[in-house]
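Trainee: fold the following, please.
(chains A and B)
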Amino acid sequence: DTEVTQTPKHLVMGMTNKKSLKCEQHMGHRAMYWYKQKAKKPPELMFVYSYEKLSINESVPSRFSPECPNSSLLNLHLHALQPEDSALYLCASSQAPPGGSQETQYFGPGTRLLVL
Amino acid sequence: GQNIDQPTEMTATEGAIVQINCTYQTSGFNGLFWYQQHAGEAPTFLSYNVLDGLEEKGRFSSFLSRSKGYSYLLLKELQMKDSASYLCAVRRQAGTALIFGKGTTLSVSS
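Mentor: Residues are numbered from 1 along each chain as shown, chains lettered A, B, ... in the order given. Model (predicted):
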């Protein structure tokens, strides 16, 4: 089983709203990732958590706040977003943190976010 | 800088064979991945190469030449459902995550 789940599937929010995206995996993976993907563009890495600690932050604006409550869960808290933040937000996980030999990343279905 | 190049679009017919090329210039190399992504869906892992040579998985094969900074994904016996975007991604070194190419959109027609 290589399933990564994400909720919600779709989200519409205003620029003053606060919302959270959730990601869950039960594969025992110790690295989890958030990517942002705009239409017809490749995924762009936002954050990496290794063993529940933030290891990579790709200079993401503070209106995006990640959280890893435990080894199976990864959240992305959203606040005061801009319309240009509208995109598909993908969560991924891998067995080992970046740099290990077993780091094939498996992606969740994504949350399609629209900021009005 | 980091550079991963793939053709933007390719077309092919059902039953044919297609090769999608990927060239990369990165500061370090520690593995190359191919993903398939259907419109509106998440990327799905297809293959992983870290050593030179060919990796075969059913209808899909991936080849790597580290000295040339080159990989290809070979799709055989094409089916309509293979119409998708194919993403090449490179892992540069320990402690870094994947860098994705812009993807190749493959259209398979009957």
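Trainee: strands along chain B, start to end?
Mentor: Along chain B, the stretches classed as strands by DSSP state E are B:3-5, B:9-13, B:18-25, B:32-37, B:44-49, B:53-57, B:60-65, B:70-75, B:84-91, B:98-100, B:104-109.
Trainee: which one, of those, ends up nearest to A:Glu44?
Mentor: Nearest to A:Glu44 among the strands of chain B is strand B:98-100; the distance by CB to CB comes to 7.8 Å. For glycine as for every other residue, the C-beta is placed from the backbone atoms N, C-alpha and C.
Trainee: for that closest one, packing partners?
Mentor: For strand B:98-100, the packing partners by 3 or more CB pairs under 8 Å, 6 or more residues apart in numbering or on different chains; DSSP states H and E come out as strand A:44-50, strand B:84-91.
Trainee: can the last one be found next to chain A?
Mentor: What that stands for is strand B:84-91. Yes - contact between strand B:84-91 and chain A, assessed by CB under 8 Å from any CB of the partner chain, occurs at B:Leu87, B:Ala89, B:Arg91.
Trainee: and these as a markdown table, adding neighbour count and pLDDT?
Mentor: Shown next, in a markdown table, are the residues of strand B:84-91 next to chain A (neighbours: other CB atoms under 10 Å in any protein chain shown; pLDDT from 0 to 100):
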| residue | neighbour count | pLDDT |
| --- | --- | --- |
| B:Leu87 | 26 | 96 |
| B:Ala89 | 24 | 94 |
| B:Arg91 | 23 | 87 |
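Trainee: with distance to B:Thr104 added, can I get those residues in CSV?
Mentor: Output for the residues of strand B:84-91 next to chain A, formatted as CSV (distance: CB to CB, whole Å):
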residue, distance to B:Thr104
B:Leu87, 8
B:Ala89, 12
B:Arg91, 19
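Trainee: please identify the most buried of the helices and strands packed on strand B:98-100.
Mentor: strand B:84-91 (a mean of 24; mean count of other CB atoms under 10 Å in any protein chain shown).
Trainee: wait, B:Lys57 sits on B:Phe45?
Mentor: No - if you go by CB atoms under 8 Å, B:Lys57 and B:Phe45 don't touch, sitting 10.4 Å apart.
Trainee: neighbour count for those two, which is higher?
Mentor: Looking at B:Lys57 and B:Phe45 with other CB atoms under 10 Å in any protein chain shown, you find the greater number of neighbours at B:Phe45, namely 17 against 11.
Trainee: distance of B:Leu32 from B:Leu98?
Mentor: Separation of B:Leu32 from B:Leu98 (CB to CB, to the nearest Å): 9 Å.
Trainee: tell me which residue lies nearest the centroid of chain A.
Mentor: Central residue of chain A (CA atoms, centre = their mean): A:Trp34, 2.7 Å from the mean position.
Trainee: what is the one helix or strand it maps to packed up against?
Mentor: For A:Trp34, the host element (DSSP states H and E) is strand A:31-37. Judged by 3+ CB pairs under 8 Å, 6+ apart, the packing partners of strand A:31-37 are strand A:18-25, strand A:44-50, strand A:73-79, strand A:87-94.
Trainee: and the residues of strand B:84-91 next to chain A, which is closest to chain A?
Mentor: Distances from chain A to the residues of strand B:84-91 next to chain A, taken as CB to the nearest CB, are shortest for B:Leu87 (5.9 Å).
Trainee: thinking again about what came up before, shared neighbours, B:Leu32 and B:Leu98?
Mentor: B:Ala89, B:Val90, B:Arg91 (CB atoms under 8 Å, 6 or more residues apart in numbering or on different chains).
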